[in-house]
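**Student:** pasting the sequence and the predicted coordinates here, then a few questions.
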Amino acid sequence: MIYISENSLRILYTMYKNEYYLVHAFKKKTQKISRSEIKTTVDRIKEII
């Protein structure tokens, strides 16, 4: 996770065939990751694989 001043970002990544892919980033608003953010991440991972 990367912190920028008072605003926190979540950066989700995956590793595939020994390469890292930054899949999704968004501003952290709560402790939980919303279902829509998870769905976006999963859809993008499916595109990579």
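**Tutor:** Right, received. Where do you want to start? On a predicted model such as this, the values are computed, not experimentally measured, just so you know.

**Student:** quick one: low-confidence ranges for this protein?
**Tutor:** In the predicted model, the chain carries pLDDT under 70 at residues 1-6.

**Student:** now the strands for this structure?
**Tutor:** Taking DSSP state E, the strands of the chain run over residues 2-4, 7-16, 19-27.

**Student:** go through those and name the closest to residue 49.
**Tutor:** strand 7-16 (6.1 Å; Cβ to Cβ). Just so you know, the C-beta spots here come from the backbone N, C-alpha and C atoms, and that holds for glycine as well.

**Student:** can you mark which positions in the closest one are buried?
**Tutor:** By 16 or more other Cβ atoms under 10 Å, the buried positions in strand 7-16 come out as 12, 14.

**Student:** need the contact partners of that strand.
**Tutor:** By Cβ atoms under 8 Å, 6 or more residues apart in numbering, the residues outside strand 7-16 that reach it are 1-3, 20-28, 33, 37, 41, 45, 48-49.

**Student:** buried ones among the residues you listed?
**Tutor:** Using 16+ other Cβ under 10 Å, the buried members of the contacts of strand 7-16 are 21, 23, 24, 41, 45.

**Student:** who's in contact with residue 39?
**Tutor:** Residues near residue 39 by Cβ under 8 Å, 6+ apart: none.

**Student:** where's it relative to residue 10, distance?
**Tutor:** Note on residue 39: its distance to residue 10, by Cβ to Cβ, to the nearest Å, is 15 Å.

**Student:** I am finished for the moment; much appreciated.
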